[in-house]
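Asker: Take a look and give me a structure for this.
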Amino acid sequence: MTWRPRGTTSAPPLIAVAHGSRDPRAAATVEDLLDVVRRARPEIPVRTAYLDHAPPTLAMALSGLTEAAVLPLLLTEAYHSRVDIPGALAEAAARTPLLRVHRGATLGPHPLLVTALERRLTEAGVEPGDPDTAVVLVSAGSSDRRANATVAGVAGEWARRSGWWSVTAAYASAAEPTPEREVRRLLAAGAPRVVVAPYLLAPGHFADKIRRDTLAAGAEVVAGVLGAAPELAAVLIERYEQALLGTERSATA
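Answerer: Take a look at the predicted model:
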């Protein structure tokens, strides 16, 4: 595979695979993010696919193609990226033997995601790196301990590179601590102020629950989800180019 330079019209399509949600705000946010990618790189055809709850499926998005880069719109490596997407690609390969697919890495971890998290906190009125502010980084949570450990690693690295009172991880499901428990712990430990940074791509059930429960627990601010942040679009484009060049995990289906 040879990467096509910018400005050409022969770039393989980028298929962004999101989890999917019954909440229409989630799909709208995904499309807003992909519109940022389209504006930044108009020579790249961009398609959306969903693993659940919404069309099109990955097979539908790949229909009619002979080559594509498939990129998970997921923040950590877990069941969906390790099992669901490879399974869907195997089914597509069985139907279209000549289809060539370059599998890209998940969005996270990546330093730009921390920049996007700080952007959302700033938009919510929080001074970046405030030494009197403890940040709770909240992910959806996973039954895969490696995914949860990745989120904890993001929190640890963020804490090391910033001036926050602390940055710690919490999980909305499947793991401990819960966001509200971590907020209460930090306040009891003497944190002057606790704010919450959702490590979520789009609004929906988890984002609503995190906001409700952490504010009730004493959090002063809950930032918005990552959404269509320009940093996420930049990461997605980077993952696309890496997949095509083979510098990230890539495979043929």
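Asker: where along the stretch 1-150 of the chain do the strands fall?
Answerer: 14-18, 46-50, 67-72, 100-103, 133-139 (DSSP state E, counting those that start in this stretch).
Asker: Mean pLDDT lowest where, among the ones you listed?
Answerer: Per-stretch mean pLDDT for the strands of the stretch 1-150 of the chain is lowest at strand 100-103 (a mean of 93).
Asker: Just the CA trace of it, in PDB.
Answerer: Output of strand 100-103 as PDB, limited to C-alpha atoms (Å, rounded to 0.1, in the frame of the first residue of the first chain):
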ATOM      1  CA  ARG A 100      -8.500  -4.700   1.500                       C
ATOM      2  CA  VAL A 101      -8.900  -3.200   5.000                       C
ATOM      3  CA  HIS A 102      -6.400  -1.300   7.000                       C
ATOM      4  CA  ARG A 103      -7.300  -1.500  10.700                       C
END
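Asker: quick one: strands adjacent to that strand?
Answerer: For strand 100-103, the paired strands and their directions (DSSP bridges) are strand 67-72 (parallel).
Asker: which other residues reach the strand it pairs with?
Answerer: 12-17, 47, 49, 58, 62, 80-81, 85, 89, 99-107, 236, 239-240, 243-244 (Cβ atoms under 8 Å, 6 or more residues apart in numbering). The C-beta positions use only the backbone N, C-alpha and C, and glycine is treated the same way.
Asker: how about 7 Å then?
Answerer: The contact list for strand 67-72, computed with Cβ atoms under 7 Å, 6 or more residues apart in numbering, reads 12-17, 62, 80-81, 85, 89, 100-104, 106, 236, 239-240, 243-244.
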